[in-house]
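Student: Need coordinates for the following:
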Amino acid sequence: MTGTVDVLLIGGGIMSATLGTFLQQLQPDWKIALYERLGDVAEESSNAWNNAGTGHAALCELNYMPAAPDGSVDPTKAVSINEQFQQSRQFWTSLVERGVLDEPQTFIAATPHMTFVRGEKDVSYLKKRYEALRTQPLFDGIEYSEDSRVINQWAPLLMQKRRAGEPFAATRVPSGTDVDFGALTRQLIGSLKANGAEVATGREVKSLKQKKDGTWQVRYRHTVGGTPGEVNARFVFVGAGGWAIKLLQKSGIPEIKGYGVFPIGGQWLKTSNPKLVAQHRAKVYSQASVGAPPMSVPHLDTRVVEGETSLLFGPFATFSPKFLKTGSSWDIVSQVRPSNLGSMLKVGATNFGLVKYLVSELLKTHKRKVESLQEFVPTAESADWELLNAGQRAQVMKGGKLQFGTEVVSAADGSIAGLLGASPGASTAVSIMLGVLKDCFPDRIAEWEPTLTELIPSYGTTLNPDPDAARASTERTAEALHITA
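Tutor: Numbers count the residues shown, from 1 in each chain. Reported below is the predicted structural model:
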């Protein structure tokens, strides 16, 4: 197409879908377009088989509460992540009530979140973590046990033929969830299209240039046939996963200088054996290996995708120079600029542990992967588990450091923004996009606040300091989304 749109969303994932939905609810008169280079939306990081689908609420992810040098643990970040996920739950609840989303069971399922550790050191740490969280209102209901009989009731596969005398402990939060972000993304984008947005697949953005009037001239090509085209946009959001850095660099905004990304792939072991699936209804996280990136924390997950329940174990790290599963082998090189080269070299020189970890992961045979699984499930048999390739993640490099998490990069004039990074990503998309709205539309945010408060009742406040508000919010969304434990 040619002409001008108010909003151009690049990338058909959960981030673009969430921002587009916000803007369509807030400004229904705006013209919105979404371009995706693949043949369908939600095929990269938002695809259910390409991500952990945890519904990250810090209920079980230990990397949000690492032990300090003195052994103490601070719940601040875990509480913050939980607050963000509560905003997602509230937003999805409102969208179900407004008919934007289908029945909740099509994208979310009640699934207890657990942590399981072995060894005296980790047991001591987990006990401290539990003590720090059990008084936090958003973690109400968290349970702790070192009793094999109790843990066996929670997750039988973990305890079968476990070695006698081995110290172990577990926590459990019955109110956890499993989220199919692929289904969620497709529903959000389907609603965008049904309400007037242009959704174009097979359309790859090639260049972005800001014009004198502040709008963006965006040139693209059709991936089938190669026909070129262009569109002008008053605002551009780059939600293109690992490719976001390439497009932001092409835009020429100074804010992207100094950034680089490091790609890390993953694989899962998967089983749909009904006998095994019936014995495990939980997401169980443990401690990461020494040198492993935080996103590689091992976990045994119940997954519900398109009505089928399976178990996934992993992830096992892989390496590819591509920023996306369908990316280019030149991605890692093509991002290099004079402004980020020094930082990237420093990351390489100061992350020997990560390099060692990646090499060890690449050398793992299927047998060794199953042996890693057997640390979780002692009775696991190789024949029951198949290897599944997960998505590519591109972790942020900035200032000579490899960063964990997501980061929004936006131009000073608010005309373009993009998202870099990985976990917790999808689970906190609502909070992240609220930040984009505030940063990029400062002249409209006050006007939008009444609608935002309708969509997210806790907007502008935090739940955790108020036990009654926290309880009311979690109970309301649990009932509306059919995720009551």
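Student: partners of residue 217 in the sheet?
Tutor: Under DSSP bridges, the beta-bridge partners of residue 217 are residue 209, residue 232.
Student: That one against residue 206, yeah?
Tutor: No. When contacts are counted by Cβ atoms under 8 Å, residue 217 is not listed as touching residue 206 (11.4 Å). Where you see a C-beta, it was placed from the backbone N, CA and C, and this is true even at glycine.
Student: intersection of neighbour lists for the two?
Tutor: Common contacts of residue 217 and residue 206 (Cβ atoms under 8 Å, 6 or more residues apart in numbering): none found.
Student: Okay, now the unreliable bits of the chain?
Tutor: The model of the chain has pLDDT under 70 over residues 1-2, 52-53, 289-296, 485.
Student: for it, what's the longest helix?
Tutor: helix 76-97 (DSSP state H).
Student: which other helices and strands contact it?
Tutor: Taking 3 or more Cβ pairs under 8 Å, 6 or more residues apart in numbering; DSSP states H and E as the contact definition, the neighbouring helices and strands of helix 76-97 are helix 181-194, helix 429-440, helix 445-455, helix 467-480.
Student: Need those helices in TSV (columns: mean neighbour count).
Tutor: Formatted as TSV, the helices and strands packed on helix 76-97 follow (neighbours: other Cβ atoms under 10 Å):
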stretch	mean neighbour count
helix 181-194	22
helix 429-440	21
helix 445-455	14
helix 467-480	16
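Student: could you dump these to CSV with distance to residue 404?
Tutor: Putting these into CSV (distance: least, Cβ to Cβ, whole Å) gives the following:
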stretch, distance to residue 404
helix 181-194, 19
helix 429-440, 15
helix 445-455, 28
helix 467-480, 26
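Student: So which of the ones you listed is nearest residue 338?
Tutor: Each of the helices and strands packed on helix 76-97 was checked against residue 338 via Cβ to Cβ, and the shortest separation belongs to helix 429-440, namely 27.0 Å.
Student: Which strands and helices lie in contact with that closest one?
Tutor: By 3+ Cβ pairs under 8 Å, 6+ apart, helix 429-440 packs against helix 14-26, helix 76-97, strand 406-410, strand 416-421, helix 445-455.
Student: Can you give the strand pairings for the shortest one, parallel or anti for each?
Tutor: What that stands for is strand 406-410. According to DSSP bridges, strand 406-410 has the following sheet partners: strand 416-421 (antiparallel).
Student: Okay, angle between the partner strand and helix 14-26 too, please.
Tutor: Orientation check (axes from the mean of the first three to the mean of the last three Cα atoms, to 10 degrees): strand 416-421 against helix 14-26 gives 140 degrees.
Student: Quick check: buried residues in strand 416-421?
Tutor: Counting neighbours by 16 or more other Cβ atoms under 10 Å, one finds that the buried residues in strand 416-421 are 416-421.
Student: For residue 88, state which of these is nearest.
Tutor: For the buried residues of strand 416-421, the nearest to residue 88 is residue 419 (15.3 Å; Cβ to Cβ).
Student: For beta bridges, what are the partners of that closest one?
Tutor: Applying DSSP bridges, one finds that residue 419 bridges with residue 408.
Student: I'd assumed residue 406 was in contact with it.
Tutor: Yes. Using Cβ under 8 Å, residue 419 is in contact with residue 406, at 6.0 Å.
Student: residue ranges for the helices of the stretch 51-200 of the chain, please.
Tutor: Remark: helices of the stretch 51-200 of the chain, listed N- to C-terminal, are 76-97, 120-133, 148-154, 156-159, 181-194; assignment by DSSP state H, counting those that start in this stretch.
Student: related to what we said a few turns ago, how about the helices and strands packed on helix 429-440, which one is nearest residue 197?
Tutor: helix 14-26 (6.5 Å).
Student: hang on, the earlier thing: how much does the longest helix of the chain deviate in direction from helix 181-194?
Tutor: For helix 76-97 and helix 181-194, the angle between their directions (the same axes, to 10 degrees) works out to 50 degrees.
Student: With only the CA atoms kept, save helix 76-97 in CSV.
Tutor: Backbone C-alpha positions of helix 76-97 (Å, rounded to 0.1, in the frame of the first residue of the first chain) are rendered in CSV as follows:
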residue,chain,number,x,y,z
THR,A,76,12.0,-6.6,45.3
LYS,A,77,12.5,-7.7,41.7
ALA,A,78,10.3,-10.8,42.1
VAL,A,79,7.5,-8.6,43.4
SER,A,80,8.0,-6.2,40.5
ILE,A,81,7.7,-9.0,37.9
ASN,A,82,4.6,-10.3,39.7
GLU,A,83,3.0,-6.8,39.6
GLN,A,84,3.7,-6.7,35.9
PHE,A,85,2.1,-10.1,35.3
GLN,A,86,-1.0,-9.0,37.3
GLN,A,87,-1.4,-6.1,34.8
SER,A,88,-1.3,-8.7,32.0
ARG,A,89,-4.0,-10.7,33.7
GLN,A,90,-6.2,-7.7,34.2
PHE,A,91,-5.8,-6.6,30.6
TRP,A,92,-6.6,-10.1,29.3
THR,A,93,-9.7,-10.2,31.6
SER,A,94,-11.0,-6.9,30.2
LEU,A,95,-10.4,-8.1,26.6
VAL,A,96,-12.3,-11.3,27.3
GLU,A,97,-15.2,-9.2,28.7
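Student: hmm, back to that, what sits in contact with each of residue 419 and residue 406?
Tutor: When contacts are counted by Cβ under 8 Å, 6+ apart, residue 419 and residue 406 are jointly contacted by residue 432.
Student: Dump the helices of the stretch 51-200 of the chain into CSV; add distance to residue 34 as well.
Tutor: Written out in CSV, the entries for the helices of the stretch 51-200 of the chain read as follows (distance: least, Cβ to Cβ, whole Å):
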stretch, distance to residue 34
helix 76-97, 17
helix 120-133, 39
helix 148-154, 42
helix 156-159, 41
helix 181-194, 7
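Student: circling back to that earlier point, and the helices and strands packed on helix 76-97: which comes nearest residue 329?
Tutor: Taking Cβ to Cβ as the criterion, residue 329 comes closest to helix 181-194 out of those, the separation being 25.6 Å.
Student: can you tell me which residues contact residue 91?
Tutor: Counting by Cβ under 8 Å, 6+ apart, residue 91 makes contact with 18, 430, 455-456.
Student: List the contacts of the closest residue to it other than its chain neighbours.
Tutor: When the adjacent residues along the chain are set aside, residue 91 lies closest to residue 430, with 4.6 Å between them (Cβ to Cβ, 6 or more residues apart in numbering). Going by Cβ under 8 Å, 6+ apart, residue 430 touches 18, 84, 87-88, 91, 456.
Student: give me that answer again for 7 Å
Tutor: In this structure, residue 430 makes contact with 18, 87-88, 91, judged by Cβ atoms under 7 Å, 6 or more residues apart in numbering.
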